[in-house]
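Novice: Give me a model of this one.
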Amino acid sequence: VSTSCVSSVLMGLYVVMACFNLYALMYPLSRIDLSTTPPEGFVNPLWSKEEKIQMKIYLSKKKSFDKSLLMNEFDEDENTDVRTTDDHTTMLWGVGVSQSSMSKSFLLTTSDCRDITTCGSEDDPSMRQAISWLDEAEKQMLEDKGVISTLSGAGQGIESTSLLLSLYEAIVTQIRRILEVLSLVDETNAANSGGNKGLLERSIIHLPRNSSMWTALLGNSTVYVHVVVAREQYNLIDAKNLNDAVSAIGRASNSHSLLLGKVGLVKHDEPNHITKPKRILLDDLVYCVRKYILQDKSQEFPPWDMEHSQPEYYETYNIAQRMKEKHQGYPFFKPEVAIKYLIDEDSYPMNLAHVSGMELVRVGKSQFHPSTIAHIPALHVDEIGLTSEKYIPLNQSISSLPLRISFDRSDVEEDDYVHRSTATAGGISPARWRLLSHLSQAIESQKELGFDQSDIDDLRRLIADTNVTLLGITVLASALHLLFEFLTFKNEVSFWRNNKDLTGLSVRSLFLDMIGQCVILLFLIEKDSSLLMTIPSACGVLIAMWKCKRASGLTLVKADSSKAASRWNYIPRLLGFEVRATRLESMTKATENSKRTSKDDLQALTMECDRIATSALSKFLVPLVVSYALYSFVSEEHSGWYSWFITTASSAVYALGFALMCPQLFLNYKLKSVAHLPWTVLCYKSVNTFIDDLFSFIIRMPTMARISCFRDDIVFFIYIYQRWLYPVDNSRPVEGGDGPSTESVSESKKDQ
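Specialist: Numbers count the residues shown, from 1 in each chain. Predicted structure coming up:
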C-alpha cells in the first residue's frame, strides 16, 4: 500500500469524522431516540416562536444591571434626538421588536452639537471620522440585492480580496458616477428606494469630557452596553416613571419573562496598529550629499533620527513597544454591537437539556411543563466578525466615537427584508449559534499555539464575512490543500532523489526559485509574521536548497591549488576547501568529449538553452526590478534601508515570479518534449494552485500575493499545452530511447 493511498484514506476519514462531530454539535438530538422518554422527562421551551417582545438598551459605566440604570431614563427630554448625561448611565434605545432585524446608529461625542445634520461641519477630525464611519456602515446596510451586495456581506466583503471582483467593483462605481453626473441616477433616491427597514435611525449622545463615562472610556477602563428584553405584556417601554419601570422589570423577572445581556465596549489588546516609524529614503541620500559633499550643516539632525524628525510618533511607538514587552493591553473601542435573539423550539430530555446552551429555569407544573423545568431564549452578542481593523484606538485626542447597535431574531420572517449572505449577518438559528460559538472558542485557543492576532483575524473574517455554502467548501478545500501539499512534498523528494539524468531540466530555474523563496522568508521575518507562516516558508527554503544541491551536485571538497579559483570559492579557499557542482561538471566534460553520444548532445543542448533563457530573462527582469526599486526609493516610505531592499525584492518575486519558470518552458520548446518533467508533482501543485485561487477570493491578502495565485495557473496551462503539443515518443533519446536526436526528428517532421 503506497503512502499516497494511506494519506488519502486518513484525510478522508478525518473530514468525515469532523463533519459528523460538527453535525452532532449543531443538532444534539439527531442521534437520540426520543420515543423512549416520557412526557414528564422533557424540558420544553417557555417562550413561543414569534413572541412579541420589547427591548431597552442602556449605556453605563456599571458592570451589572440594577435599579440605578433606570433613574437617568426619566430625567431626559423625550422630544429630541440629542441626549445629555453627566451620570454613569444613559438609555440609548427603547423599542418594540416586531421585525427580524433592526439597527440604530449613535454618535458619542463631547462636542455640544445639537443638530445631527450639522455635526460633520465642525472642524473636528475625530467627529468627521466618526460620522464617516457611520455613513459607510449605513451605506452597506442599505445596499439592495445584486452582485455587489451579495459579495459584500459583513466587513469589506470578498470583492476587496479578489483582483477580478475589485476591477468589477471599480467599473461599476465609475459607471454609477457618470450616470449621476448626467442626472440619470439620483443616489439618494436609489439608496432609499428599498425602504427604511429600521436601518437609518441615528442619535447623538452628548458625553461631557469630564463625565464619568467619557473618563472611563479614555481612562483605561470601560463602559458597557446593557440589553433588556421582556415580553410585551409587561409594558417595558411604556413605563411613565421610575416606579412603573422597576415594577415591570420585577414582574417580568419573577415570571422568567426577562432577558438580560451586556457587552463591554473597550477591549485591551496589543498595540499592533502602531508600526515602526517610516521615512522616504531619498531624504537620507540628500542629507549625506549636502552634509559630507557640499559641507552644508544647516540641518542639525539626520532624517533617520526619528527621535527628532518625528518626535511624537517616535514616543508613541516606544510606548507601544514597552507595552508589548510587558504584555500590557492598549485600549480599543468596539464600534459595533450585534445582538442576536435566540429561541430554541426543541424539547430536550432532562439529562441532555444542558447541550441546548439555553438557560434552564424552574416553573410551576402544568400541562406544557410537566417536568417543572423549562428553557428560555438567550441573548448572544456576536463578536466573531469584529476583527482588529474594526476597533478604534483610544487616546486623549478622541472627541467622538461611532456606535452601531443591531438586533436580530431568527424566529420572525419578512418577505421584503434584504437577505444577508454571510454566516453571521441577520438572525441565526440555535444550531448555527452552537457552531459559531464552538468555532469562536477554537479560534481564541489558537493564540496558545503561536497564532498572531492577524492570523486570528483572518480566521474570524473567513467565518464571518463568507457565504455559508462557500465557507463549507473552503473547509473541505483546506483539508484537500493539506493532503495535496503532503503528496507534492513526498513525490518531489522522491523524484529528485531518484533522478540520474538532467536532460531537459533547468537547473537555473531551481536556483532562481530558491532565491525567490529566500526573499519571501526574509520578508516575512521583516514584517514580524506569525511563526505558523514563517516556519513553513523556512521549510520550503530548505527543500529548495536540497533540490539545488541534488540537481547540481554541490559538494565541499579539498581545494586544488593547481587550478584557478572561481569567484564563489574565494572564501572557502581560505579554509582549504572549495564548492564544486559535480553533476554539472560531469555534463560539461561529457559534452566536450569527442566520442559524444546522442544523450550527450541532448545534455549539451539542455545546458545551452538553459543559459540562453536565463540570460534573456535577466535582460528583461533587471530593468523592471531596478525601475520599481528606484520608484519605491523616491516615493514610498520605509522603516530603513534593509526594509526597502527586502520589500522591493519580495514585490518583484510576487509580481514576476511566473517569469522564473520561463527557462524550463524554453527548454521544453527546444527539446520538443515534456516527458522529463515530474508530472505527478506538477499535477498536485496545480490542484493546490486552484485551491489557492479559492482562498484568494475569501481571505484578505496583499495584491501581489493575490496575483501570484493566478500566475501559477497560467504557467500550468502552458505546461498542459506543451504536453498536448509534444506527445511522448519512447523511440526518441530525449524520451529515454536510442532513436534519432531532436534535430533529426524536427527535420523529419518538416519534410512530412
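
Novice: Show me what the longest helix along the chain is packed up against.
Specialist: Assignment by DSSP state H gives helix 598-635 as the longest helix of the chain. If you count contacts as 3 or more CB pairs under 8 Å, 6 or more residues apart in numbering; DSSP states H and E, helix 598-635 packs onto helix 281-288, helix 507-526, helix 582-592, helix 641-656, helix 662-671. All C-beta atoms are positioned from the backbone trio N, CA, C, and that covers glycine.

Novice: Now do the fourth one, average pLDDT.
Specialist: Right, helix 641-656. Averaging pLDDT along helix 641-656 yields 82.

Novice: The last one now?
Specialist: With pLDDT averaged residue by residue, helix 662-671 scores 76.

Novice: mind saving the C-alpha coords of that helix as PDB?
Specialist: Extracted in PDB, the C-alpha atoms of helix 662-671 (Å, rounded to 0.1, in the frame of the first residue of the first chain):
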ATOM      1  CA  CYS A 662      10.400  30.600 -18.400                       C
ATOM      2  CA  PRO A 663      13.800  28.800 -18.700                       C
ATOM      3  CA  GLN A 664      12.000  25.400 -18.200                       C
ATOM      4  CA  LEU A 665       9.300  26.400 -20.700                       C
ATOM      5  CA  PHE A 666      12.000  27.400 -23.200                       C
ATOM      6  CA  LEU A 667      13.800  24.000 -22.700                       C
ATOM      7  CA  ASN A 668      10.600  22.100 -23.400                       C
ATOM      8  CA  TYR A 669      10.200  24.100 -26.600                       C
ATOM      9  CA  LYS A 670      13.700  23.400 -27.800                       C
ATOM     10  CA  LEU A 671      13.600  19.700 -27.000                       C
END
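
Novice: That one packs against which elements?
Specialist: By 3+ CB pairs under 8 Å, 6+ apart, helix 662-671 packs against helix 507-526, helix 598-635, helix 703-725.

Novice: ok, and for it, which residues are buried?
Specialist: Of the residues in helix 662-671, 662-668, 670-671 count as buried by neighbour count, 16 or more other CB atoms under 10 Å.

Novice: For these, give me a markdown table that also has distance to residue 496.
Specialist: Formatted as a markdown table, the buried residues of helix 662-671 follow (distance: CB to CB, whole Å):
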| residue | distance to residue 496 |
| --- | --- |
| 662 | 21 |
| 663 | 17 |
| 664 | 14 |
| 665 | 20 |
| 666 | 21 |
| 667 | 17 |
| 668 | 18 |
| 670 | 22 |
| 671 | 19 |
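
Novice: Mind picking the two most distant members of those?
Specialist: 662 and 671 (14.9 Å; CB to CB).

Novice: got the buried residues for the helix or strand hosting residue 268?
Specialist: Assigned by DSSP states H and E, residue 268 belongs to strand 266-269. The neighbour-count check on strand 266-269 (16+ other CB under 10 Å) flags 266-267 as buried.

Novice: Ok, stretch 397-411 next?
Specialist: So, applying 16+ other CB under 10 Å, buried residues of stretch 397-411: 398-411.

Novice: Out of those residues, which is nearest to residue 635?
Specialist: residue 398 (31.5 Å).

Novice: how many other residues sit next to the closest residue in space to that closest one that isn't next to it in sequence?
Specialist: Distances taken as CB to CB, 6 or more residues apart in numbering put residue 126 closest to residue 398, at 5.4 Å, once the chain neighbours are dropped. Counted with other CB atoms under 10 Å, residues neighbouring residue 126 total 18.

Novice: all helices of the stretch 251-400 of the chain, in order?
Specialist: Assigned by DSSP state H, counting those that start in this stretch, the stretch 251-400 of the chain shows helices spanning 281-288, 306-309, 311-325.

Novice: Which one of those lies nearest to residue 90?
Specialist: Here helix 311-325 is closest among those (CB to CB), at 31.3 Å.

Novice: Now the closest one - C-alpha only, PDB.
Specialist: Output of helix 311-325 as PDB, limited to C-alpha atoms (Å, rounded to 0.1, in the frame of the first residue of the first chain):
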ATOM      1  CA  PRO A 311       9.300  63.000  18.000                       C
ATOM      2  CA  GLU A 312       5.500  62.500  18.800                       C
ATOM      3  CA  TYR A 313       5.100  59.300  16.700                       C
ATOM      4  CA  TYR A 314       8.500  58.000  17.900                       C
ATOM      5  CA  GLU A 315       7.500  58.400  21.500                       C
ATOM      6  CA  THR A 316       4.100  56.700  20.800                       C
ATOM      7  CA  TYR A 317       5.900  53.800  19.100                       C
ATOM      8  CA  ASN A 318       8.300  53.400  22.000                       C
ATOM      9  CA  ILE A 319       5.400  53.300  24.500                       C
ATOM     10  CA  ALA A 320       3.700  50.700  22.300                       C
ATOM     11  CA  GLN A 321       6.900  48.600  22.300                       C
ATOM     12  CA  ARG A 322       7.200  48.800  26.000                       C
ATOM     13  CA  MET A 323       3.600  47.700  26.400                       C
ATOM     14  CA  LYS A 324       4.200  44.700  24.200                       C
ATOM     15  CA  GLU A 325       7.300  43.700  26.200                       C
END
